[in-house]
Structures are given as structure tokens and as C-alpha cells.
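Enquirer: Here is a sequence together with a model predicted from it:
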Amino acid sequence: MLAKALPGIMPDMAFSEALEVTKVYSVAGLLPKDQPLVRRRPFRSPHHSASTASLAGGGKIPKPGEISLANHGVLFLDELPEFGRDVLEVLRQPLEDRVITISRVAASLTYPARIMVVASLNPCPCGLATENGGVNCTCTPLQVARYQSRISGPLLDRMDIQVEVPRVPYEELAGDREGETSAAIKGRVEGARAVQRERLGMNAANSDMSPRQVRTYCRLDGQGKELLHKAYKQLGLSARAHDRILKVARTIADLTGDKQIDINHLAEAIQYRAFDRGINNRRV
Ligand SMILES: [Zn+2]
């Protein structure tokens, strides 16, 4: 539900983005006749039985796959460990380079792949390992380890935000407390994106920052440096995770309209590294 709601809080596509999406859909033969220009951000959720070719693109003259069809939108992978390992590995290049290259005998083509990947997985095959300290989990440690090892470390490392989503208590589910509307959240997101455009130019977002830009725009004060240093050592973070935390902290600060990344922004960003913090490994 959260993943599906995501495009609703993302900023409207710029005209250039809409054109790019339209081109990809046109090449794939998926452009609806009554819709000459795709205006809505794509939301693609391929089934876990999807092949490498259907995700990356393929055919004699390669057509775009799900990764490119999700360009400027969301690619949602439900039950991530159920996807083939080879299939998931094709995500690595587009997550780094924002494009995907498909090579075939007849042609080698590069398609755009500026995507937001959202994935969900259970902590273990039965799904109860993190609930109530895992008392009801029926999986053996070996089963849990095997299940989690289906997703490669390098892929997880490329995920900016990893959070544990606890079961929603019934009272909250059935209650009539109204949350914030998507429109209100979208307004905040658009505000933050405007700040980022001013900082980085064109349609760039914080996730596009080069290592050099991270050094320039994600400066920490003494307290922040100390916290990140500690987290880096204690959680055994990779250099990539280190930079990703800084980018997320920058975005949190942008969302609250703060010029400077403070200790709270940084601590929140570190909280979003559930796998590095070993939240899923309690029973392993
Ligand atoms: Zn279990």
C-alpha cells in the first residue's frame, strides 16, 4: 500500500521527463492510443517470476524492460528474495548509472533508467522473526540465513533507506484517525525538490550528487562528524553507505527547510540503515 501511494507524493513530471517516458513506452509498443503523452509517473511492479530479459529489456533488437518502463517513476519489487538472484543483479548498473545497456548480437542499446526502487521482504520465510523477539517464528537459523542470502550485499548497499515495518495494531487499522493527505506531503516534497534544483541545477535531486558534491553540500558540524564516524566503525558501513547516509540526511534537512545538516537529521538517516544495523539478523 505504501509503495503504491508513493507516486502520489512525488512531484509532477517536468515536460522533458514526460517526453522521455513517452518515448520509452512508444518504443515498447505500450503507448495507449488515446494518450499521446504520458503525464503520470510510472509505477511498475513485475512479478517475482520475471526473467532477466523482462526486467532489463531484451529481444533480437532489444526492447525496454520493466527497469526502463519505470523510468522517472517507481519500480516495486514485492517479496524481493523470491526474485531470481541473476534477475536482481541487473539492477546494479541502473542504480549506479541511471541507464541500462542491453547488448545483443544485432544491436546494443542504452535505455534510460532513472528509477526509484522500492522492495519489500519478510525477515524470514514465515515472516515472524522480528515480531515479539521472534518467539513465534518457526524458521531455523539456517533457513533464515539462506532466505536472506538470496539478496546480495552489494544490492542492499545501494538501497538508500531500509526500514523495518512492524505490524499495525488493530486499533490503529480500524481507527478513524486521519493521516496527512498525499497532497500535503507532495507539497513538502516539491519544496524540497525546488531547493535541490537550485543547489544542483536542472532536474537534479540529492541522490544525483557526485562524491565531490556530497563533500560540498553535506558538511557536518563537529558533533555530526563524531556520530557518523562512530556509526561507520560500529556498523561496518561501506564507503557507499557512508555517502548515501549523507545524501539522505541532506534530504531530511531540505524537507524541514534547514540549511545545515544537524545531528537530528543525521541520526534519522542512520536509523534508515536497518540492514547495516543488523535488525534482521537477530536470530541468525
Ligand atoms: Zn520465521
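Expert: Perfect, I can see it now.

Enquirer: So which residues on the chain come close to the ion?
Expert: Neighbours of the ion within the chain, by CB under 5 Å from the ion: C124, C126, A129, C137, C139. C-betas here are computed from N, CA, C, even on glycine.

Enquirer: does the first one count as helix, strand or coil?
Expert: This points to C124. coil (DSSP: H, G, I helix; E, B strand; the rest coil).

Enquirer: Now for it: which residues touch it?
Expert: Residues near C124 by CB atoms under 8 Å, 6 or more residues apart in numbering: C137, C139, Q143, V144, Y147, Q148, R283.

Enquirer: Next, check the residues you listed against the helices and list the overlap.
Expert: Q143, V144, Y147, Q148 (DSSP state H).

Enquirer: Identify the residues contacting the top helix by length along the chain?
Expert: Taking DSSP H as the criterion, the chain has its longest helix at helix 182-200. For helix 182-200, contacts defined as CB under 8 Å, 6+ apart pick out 5, 8-11, 203-206, 208-209, 213, 217, 251, 254-255, 257.

Enquirer: rerun that using 7 Å as the cut-off
Expert: Contacts to helix 182-200, defined as CB atoms under 7 Å, 6 or more residues apart in numbering, come from residues 5, 8-11, 203-206, 208-209, 213, 217, 251, 254-255.

Enquirer: Dump that helix to PDB, restricted to CA.
Expert: The C-alpha atoms that make up helix 182-200 are tabulated as PDB, following Å, rounded to 0.1, in the frame of the first residue of the first chain:
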ATOM      1  CA  SER A 182      -0.900  12.900  -0.100                       C
ATOM      2  CA  ALA A 183      -1.400  16.400  -1.500                       C
ATOM      3  CA  ALA A 184       0.100  18.000   1.700                       C
ATOM      4  CA  ILE A 185       3.100  15.700   1.600                       C
ATOM      5  CA  LYS A 186       3.600  16.300  -2.100                       C
ATOM      6  CA  GLY A 187       3.700  20.000  -1.300                       C
ATOM      7  CA  ARG A 188       6.600  19.400   1.100                       C
ATOM      8  CA  VAL A 189       8.400  17.100  -1.400                       C
ATOM      9  CA  GLU A 190       8.100  19.700  -4.100                       C
ATOM     10  CA  GLY A 191       9.500  22.400  -1.800                       C
ATOM     11  CA  ALA A 192      12.500  20.100  -1.100                       C
ATOM     12  CA  ARG A 193      13.000  19.400  -4.800                       C
ATOM     13  CA  ALA A 194      13.000  23.100  -5.500                       C
ATOM     14  CA  VAL A 195      15.800  23.600  -3.000                       C
ATOM     15  CA  GLN A 196      17.700  20.800  -4.700                       C
ATOM     16  CA  ARG A 197      17.200  22.100  -8.200                       C
ATOM     17  CA  GLU A 198      18.600  25.500  -7.000                       C
ATOM     18  CA  ARG A 199      21.600  23.700  -5.400                       C
ATOM     19  CA  LEU A 200      22.400  21.200  -8.200                       C
END
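
Enquirer: Next SSE downstream of it?
Expert: Next helix or strand after helix 182-200 toward the C-terminus (DSSP states H and E): helix 211-217.

Enquirer: thinking again about what came up before, check the contacts of C124 for burial and list the buried ones.
Expert: Buried members of the contacts of C124, scored by 16 or more other CB atoms under 10 Å, are C137, C139, Q143, V144, Y147, Q148, R283.

Enquirer: Quick one: low-confidence residue ranges for the chain.
Expert: Where the chain drops to pLDDT under 70, the residues are 278-284.

Enquirer: which residue ends up closest to the midpoint of it in space?
Expert: Taking CA atoms, centre = their mean as the criterion, V117 is the residue nearest the geometric centre of the chain, at 3.8 Å.
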